[in-house]
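> I need the structure of the sequence given here:
(one chain, ligands or ions: 1)
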Amino acid sequence: MAWLLGTLLASCISSWSAGPAQDTAARFVEQRQAMVSRLAAYDPAHPINDPRVLDAMRQIPRHLFVPKHLVRKAYEDAELSIGKGQTISPPFIVAYMIQTMELKAGDKVLEIGTGSGYQAAVLSRLAGEIYTIEIQPALAKRAEKTLHDLGYANVWVRHGDGYRGWPQKAPFDAIIVTCAPDHIPQPLVEQLAMGGRLLIPVGVAKTKKWATQTLVIVRKTEKGMVEERRLSVRFLPMKGEAARHPSKGR
Ligand code: SAH
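Numbering: from 1, shown residues only. Just a heads-up that it's a prediction; the model follows:
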(Lines give C-alpha, C1' and ligand atoms only; values in the text may rest on other atoms or scores of the structure.)
Protein backbone atom coordinates (compact mmCIF):
# COMPACT_ATOMS: atom_id res chain seq x y z
CA MET A 1 0.00 0.00 0.00
CA ALA A 2 2.76 2.38 1.03
CA TRP A 3 4.56 1.37 -2.14
CA LEU A 4 1.49 2.13 -4.22
CA LEU A 5 1.01 5.52 -2.58
CA GLY A 6 4.66 6.30 -3.09
CA THR A 7 4.46 5.38 -6.76
CA LEU A 8 1.32 7.45 -7.26
CA LEU A 9 2.88 10.41 -5.51
CA ALA A 10 6.05 10.10 -7.56
CA SER A 11 4.11 9.95 -10.80
CA CYS A 12 2.01 12.97 -9.76
CA ILE A 13 5.12 14.93 -8.93
CA SER A 14 6.85 14.01 -12.17
CA SER A 15 3.82 14.83 -14.33
CA TRP A 16 3.32 18.06 -12.41
CA SER A 17 6.94 19.12 -12.82
CA ALA A 18 7.15 18.18 -16.52
CA GLY A 19 3.67 19.56 -17.26
CA PRO A 20 0.77 17.26 -18.15
CA ALA A 21 0.82 18.06 -21.87
CA GLN A 22 4.53 17.38 -22.19
CA ASP A 23 4.14 14.18 -20.24
CA THR A 24 1.37 12.95 -22.54
CA ALA A 25 3.34 13.88 -25.64
CA ALA A 26 6.33 11.93 -24.34
CA ARG A 27 4.10 8.94 -23.64
CA PHE A 28 2.82 8.95 -27.22
CA VAL A 29 6.39 9.07 -28.55
CA GLU A 30 7.22 6.04 -26.40
CA GLN A 31 4.10 4.16 -27.49
CA ARG A 32 4.90 4.91 -31.12
CA GLN A 33 8.46 3.62 -30.72
CA ALA A 34 7.12 0.44 -29.13
CA MET A 35 4.54 -0.01 -31.91
CA VAL A 36 7.26 0.30 -34.56
CA SER A 37 9.59 -2.10 -32.73
CA ARG A 38 6.84 -4.72 -32.65
CA LEU A 39 6.14 -4.32 -36.39
CA ALA A 40 9.37 -5.93 -37.56
CA ALA A 41 8.55 -9.24 -35.89
CA TYR A 42 4.75 -9.05 -35.95
CA ASP A 43 4.46 -11.66 -38.72
CA PRO A 44 7.80 -13.47 -39.17
CA ALA A 45 6.74 -14.58 -42.66
CA HIS A 46 6.25 -10.93 -43.67
CA PRO A 47 8.79 -8.81 -41.80
CA ILE A 48 8.48 -5.05 -41.99
CA ASN A 49 12.03 -3.94 -42.73
CA ASP A 50 11.81 -0.88 -44.99
CA PRO A 51 13.44 1.85 -42.88
CA ARG A 52 11.44 4.57 -44.65
CA VAL A 53 8.13 2.96 -43.64
CA LEU A 54 9.34 2.44 -40.07
CA ASP A 55 10.62 6.03 -39.84
CA ALA A 56 7.35 7.48 -41.14
CA MET A 57 5.32 5.42 -38.66
CA ARG A 58 7.67 6.45 -35.84
CA GLN A 59 6.90 10.10 -36.61
CA ILE A 60 3.21 10.24 -37.53
CA PRO A 61 0.90 10.91 -34.55
CA ARG A 62 -1.56 8.05 -35.08
CA HIS A 63 -3.48 9.12 -31.96
CA LEU A 64 -4.61 12.28 -33.77
CA PHE A 65 -6.36 10.19 -36.45
CA VAL A 66 -8.67 8.29 -34.06
CA PRO A 67 -11.71 9.54 -32.12
CA LYS A 68 -10.86 11.12 -28.74
CA HIS A 69 -12.22 8.22 -26.66
CA LEU A 70 -9.83 5.79 -28.42
CA VAL A 71 -6.68 7.89 -28.17
CA ARG A 72 -5.18 5.65 -25.48
CA LYS A 73 -5.59 2.62 -27.76
CA ALA A 74 -4.14 4.34 -30.83
CA TYR A 75 -0.81 2.49 -30.76
CA GLU A 76 -2.19 -1.00 -30.12
CA ASP A 77 -1.84 -3.68 -32.83
CA ALA A 78 -5.51 -3.49 -33.69
CA GLU A 79 -8.01 -1.87 -35.98
CA LEU A 80 -10.08 0.82 -34.27
CA SER A 81 -13.49 2.23 -35.00
CA ILE A 82 -13.41 5.69 -36.59
CA GLY A 83 -17.20 6.13 -36.79
CA LYS A 84 -19.73 5.53 -39.59
CA GLY A 85 -19.11 1.78 -39.12
CA GLN A 86 -15.58 2.14 -40.51
CA THR A 87 -12.15 1.38 -39.08
CA ILE A 88 -8.54 2.53 -39.19
CA SER A 89 -6.43 -0.45 -40.30
CA PRO A 90 -4.06 -2.05 -37.77
CA PRO A 91 -0.46 -0.75 -37.91
CA PHE A 92 0.90 -4.01 -39.40
CA ILE A 93 -1.48 -3.89 -42.37
CA VAL A 94 -0.70 -0.22 -43.05
CA ALA A 95 3.04 -0.96 -42.91
CA TYR A 96 2.81 -4.16 -44.97
CA MET A 97 0.73 -2.55 -47.71
CA ILE A 98 2.96 0.50 -48.00
CA GLN A 99 6.18 -1.56 -47.93
CA THR A 100 4.78 -3.80 -50.68
CA MET A 101 4.19 -0.77 -52.92
CA GLU A 102 7.99 -0.11 -53.17
CA LEU A 103 7.36 3.63 -53.46
CA LYS A 104 9.88 6.12 -54.77
CA ALA A 105 10.11 9.75 -53.63
CA GLY A 106 8.37 11.31 -56.64
CA ASP A 107 5.64 8.69 -57.11
CA LYS A 108 2.03 9.68 -57.69
CA VAL A 109 -0.27 7.51 -55.55
CA LEU A 110 -4.02 6.94 -55.49
CA GLU A 111 -5.66 5.56 -52.33
CA ILE A 112 -9.24 4.27 -52.30
CA GLY A 113 -10.74 4.42 -48.78
CA THR A 114 -9.27 7.45 -46.97
CA GLY A 115 -10.96 6.53 -43.67
CA SER A 116 -9.12 8.42 -40.95
CA GLY A 117 -6.41 9.69 -43.31
CA TYR A 118 -3.65 7.89 -41.35
CA GLN A 119 -2.48 5.67 -44.21
CA ALA A 120 -2.50 8.69 -46.54
CA ALA A 121 -0.26 10.50 -44.03
CA VAL A 122 2.23 7.60 -44.04
CA LEU A 123 2.10 7.49 -47.86
CA SER A 124 2.76 11.23 -48.01
CA ARG A 125 6.14 10.76 -46.32
CA LEU A 126 7.27 8.20 -48.94
CA ALA A 127 5.86 9.45 -52.23
CA GLY A 128 5.37 12.72 -54.11
CA GLU A 129 1.62 13.24 -54.47
CA ILE A 130 -1.19 11.35 -52.74
CA TYR A 131 -4.76 11.43 -54.09
CA THR A 132 -7.27 9.73 -51.82
CA ILE A 133 -11.01 9.07 -52.20
CA GLU A 134 -13.53 8.37 -49.43
CA ILE A 135 -17.18 7.43 -49.99
CA GLN A 136 -18.45 8.64 -46.57
CA PRO A 137 -18.71 12.45 -46.70
CA ALA A 138 -18.24 12.94 -42.93
CA LEU A 139 -15.06 10.82 -42.93
CA ALA A 140 -13.69 12.58 -46.03
CA LYS A 141 -14.23 15.95 -44.39
CA ARG A 142 -12.66 14.94 -41.10
CA ALA A 143 -9.63 13.28 -42.75
CA GLU A 144 -9.07 16.33 -44.92
CA LYS A 145 -9.10 18.57 -41.84
CA THR A 146 -6.76 16.31 -39.85
CA LEU A 147 -4.28 16.10 -42.74
CA HIS A 148 -4.48 19.85 -43.32
CA ASP A 149 -4.08 20.74 -39.63
CA LEU A 150 -1.02 18.48 -39.39
CA GLY A 151 0.51 20.07 -42.49
CA TYR A 152 0.49 17.14 -44.95
CA ALA A 153 0.45 19.41 -47.98
CA ASN A 154 0.95 16.73 -50.66
CA VAL A 155 -2.33 14.89 -49.96
CA TRP A 156 -5.59 15.66 -51.77
CA VAL A 157 -8.83 14.20 -50.37
CA ARG A 158 -11.97 13.78 -52.48
CA HIS A 159 -15.39 12.60 -51.42
CA GLY A 160 -16.84 10.02 -53.82
CA ASP A 161 -16.94 6.41 -54.98
CA GLY A 162 -13.37 5.28 -55.67
CA TYR A 163 -14.46 2.45 -57.96
CA ARG A 164 -13.76 4.57 -61.05
CA GLY A 165 -10.53 6.01 -59.64
CA TRP A 166 -9.48 9.62 -60.32
CA PRO A 167 -9.04 9.75 -64.12
CA GLN A 168 -8.11 13.46 -64.18
CA LYS A 169 -4.98 12.70 -62.13
CA ALA A 170 -4.07 9.37 -63.80
CA PRO A 171 -1.75 7.63 -64.50
CA PHE A 172 -0.60 6.55 -61.03
CA ASP A 173 2.63 4.82 -60.06
CA ALA A 174 0.76 3.08 -57.26
CA ILE A 175 -2.89 2.50 -56.34
CA ILE A 176 -3.68 1.20 -52.86
CA VAL A 177 -7.18 0.08 -51.93
CA THR A 178 -8.27 -0.29 -48.29
CA CYS A 179 -11.80 -1.66 -48.77
CA ALA A 180 -12.60 -4.95 -50.46
CA PRO A 181 -14.59 -5.39 -53.67
CA ASP A 182 -15.32 -8.93 -54.89
CA HIS A 183 -13.41 -8.25 -58.10
CA ILE A 184 -10.65 -5.94 -59.33
CA PRO A 185 -12.23 -2.75 -60.72
CA GLN A 186 -11.10 -2.36 -64.34
CA PRO A 187 -10.94 1.48 -64.15
CA LEU A 188 -8.24 1.21 -61.48
CA VAL A 189 -6.15 -1.15 -63.62
CA GLU A 190 -6.48 1.29 -66.53
CA GLN A 191 -5.21 4.19 -64.41
CA LEU A 192 -1.86 2.50 -63.68
CA ALA A 193 1.29 3.96 -65.23
CA MET A 194 3.69 1.57 -66.98
CA GLY A 195 5.50 -0.23 -64.15
CA GLY A 196 2.70 0.83 -61.76
CA ARG A 197 1.35 -1.39 -58.98
CA LEU A 198 -2.21 -1.84 -57.74
CA LEU A 199 -2.59 -3.39 -54.28
CA ILE A 200 -6.11 -4.47 -53.40
CA PRO A 201 -7.92 -6.85 -51.05
CA VAL A 202 -10.32 -8.97 -53.10
CA GLY A 203 -13.01 -11.24 -51.74
CA VAL A 204 -16.69 -11.95 -51.27
CA ALA A 205 -18.31 -11.14 -47.94
CA LYS A 206 -19.21 -14.47 -46.34
CA THR A 207 -20.47 -13.02 -43.09
CA LYS A 208 -22.61 -9.95 -42.59
CA LYS A 209 -19.74 -7.61 -42.02
CA TRP A 210 -16.30 -9.16 -42.26
CA ALA A 211 -14.86 -11.38 -44.92
CA THR A 212 -11.54 -13.01 -45.51
CA GLN A 213 -10.00 -11.67 -48.64
CA THR A 214 -6.73 -12.03 -50.47
CA LEU A 215 -4.42 -9.09 -50.89
CA VAL A 216 -3.57 -9.05 -54.58
CA ILE A 217 -0.87 -7.03 -56.32
CA VAL A 218 -1.27 -6.26 -60.01
CA ARG A 219 1.74 -4.88 -61.92
CA LYS A 220 1.47 -3.20 -65.29
CA THR A 221 4.42 -4.45 -67.38
CA GLU A 222 5.42 -4.16 -71.06
CA LYS A 223 4.16 -7.73 -71.45
CA GLY A 224 0.80 -7.06 -69.80
CA MET A 225 -0.67 -7.28 -66.31
CA VAL A 226 1.02 -9.59 -63.83
CA GLU A 227 -1.06 -10.60 -60.85
CA GLU A 228 0.29 -12.04 -57.61
CA ARG A 229 -1.58 -13.11 -54.48
CA ARG A 230 0.03 -12.06 -51.22
CA LEU A 231 -1.72 -12.39 -47.87
CA SER A 232 -5.07 -13.30 -46.32
CA VAL A 233 -6.61 -10.13 -44.93
CA ARG A 234 -9.83 -8.74 -43.47
CA PHE A 235 -11.18 -5.45 -44.77
CA LEU A 236 -14.64 -3.97 -44.78
CA PRO A 237 -16.39 -4.35 -48.14
CA MET A 238 -16.09 -1.71 -50.88
CA LYS A 239 -19.37 0.16 -51.17
CA GLY A 240 -20.98 1.92 -54.10
CA GLU A 241 -20.65 0.62 -57.63
CA ALA A 242 -18.62 -2.46 -56.58
CA ALA A 243 -21.42 -3.58 -54.27
CA ARG A 244 -24.25 -2.75 -56.70
CA HIS A 245 -22.71 -4.69 -59.58
CA PRO A 246 -20.70 -7.51 -58.05
CA SER A 247 -18.23 -9.53 -60.13
CA LYS A 248 -18.36 -7.43 -63.26
CA GLY A 249 -14.65 -6.59 -63.32
CA ARG A 250 -11.69 -8.67 -64.40
N1 SAH B 1 -6.94 3.72 -44.99
C2 SAH B 1 -7.84 4.01 -43.90
C3 SAH B 1 -8.67 2.82 -43.49
C4 SAH B 1 -9.82 2.73 -44.35
S5 SAH B 1 -11.16 1.70 -43.90
C6 SAH B 1 -7.14 4.59 -42.72
O7 SAH B 1 -5.91 4.71 -42.74
O8 SAH B 1 -7.82 4.99 -41.78
C9 SAH B 1 -11.92 1.65 -45.48
C10 SAH B 1 -12.56 2.93 -45.94
O11 SAH B 1 -13.03 2.73 -47.27
C12 SAH B 1 -13.79 3.36 -45.13
O13 SAH B 1 -13.61 4.64 -44.62
C14 SAH B 1 -14.93 3.32 -46.15
O15 SAH B 1 -15.92 4.31 -45.94
C16 SAH B 1 -14.20 3.50 -47.46
N17 SAH B 1 -14.88 3.02 -48.67
C18 SAH B 1 -15.70 1.95 -48.81
N19 SAH B 1 -16.11 1.84 -50.09
C20 SAH B 1 -15.55 2.88 -50.77
C21 SAH B 1 -15.59 3.32 -52.13
N22 SAH B 1 -16.30 2.68 -53.06
N23 SAH B 1 -14.87 4.42 -52.48
C24 SAH B 1 -14.14 5.11 -51.55
N25 SAH B 1 -14.07 4.73 -50.24
C26 SAH B 1 -14.75 3.64 -49.87
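
> what residue ranges in the protein score low on pLDDT?
Applying pLDDT under 70 to the chain picks out residues 1-22, 205-211, 248-250.

> mind jotting down where the helices sit in it?
Residue ranges of the helices in the chain, as given by DSSP state H, are 2-18, 20-42, 51-59, 91-100, 118-126, 137-149, 186-190, 241-244.

> ok now the last one, how far from the chain's centre?
Read that as helix 241-244. 22 Å (CA atoms, centre = their mean, to the nearest Å).

> picking up where we left off before, export the helices of the chain as TSV, with columns for distance to the ligand and mean neighbour count.
In short, each C-beta sits where N, CA and C put it, glycine included. Putting these into TSV (distance: least, CB to the nearest ligand atom, whole Å; neighbours: other CB atoms under 10 Å) gives the following:
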stretch	distance to the ligand	mean neighbour count
helix 2-18	31	10
helix 20-42	14	14
helix 51-59	12	17
helix 91-100	6	23
helix 118-126	3	25
helix 137-149	5	17
helix 186-190	11	17
helix 241-244	6	16
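
> out of those, nearest to residue 177?
Nearest to residue 177, of all these, is helix 186-190, at 7.2 Å by CB to CB.

> measure stretch 76-93 end to end?
13 Å (CA to CA, to the nearest Å).

> list the buried residues for that stretch?
Neighbour counts over stretch 76-93 (16 or more other CB atoms under 10 Å) mark 79, 80, 82, 86, 87, 88, 89, 90, 91, 92, 93 as buried.

> what residues does the residue nearest the centre of the chain make contact with?
What sits nearest the mean C-alpha location of the chain, by CA atoms, centre = their mean, is residue 119, with 2.9 Å. Contacts for residue 119 (CB atoms under 8 Å, 6 or more residues apart in numbering) come out as 89, 94, 97, 98, 111, 176, 178.

> tell me, how many residues neighbour residue 101?
Residue 101 sits with 24 neighbouring residues when counted by other CB atoms under 10 Å.

> does it touch residue 176 like I think?
Yes: assessed by CB atoms under 8 Å, residue 101 is found in contact with residue 176 at 6.2 Å.

> any idea how far residue 244 is from the residue nearest to the centre of the chain?
For residue 119, the distance to residue 244 equals 25 Å [CB to CB, to the nearest Å].

> tell me the spacing between residue 31 and residue 72.
Following CB to CB, the distance that separates residue 31 from residue 72 is 9 Å.

> scratch that, residue 85
Counting by CB to CB, the separation of residue 85 from residue 72 is 22 Å.

> over to residue 39?
20 Å.
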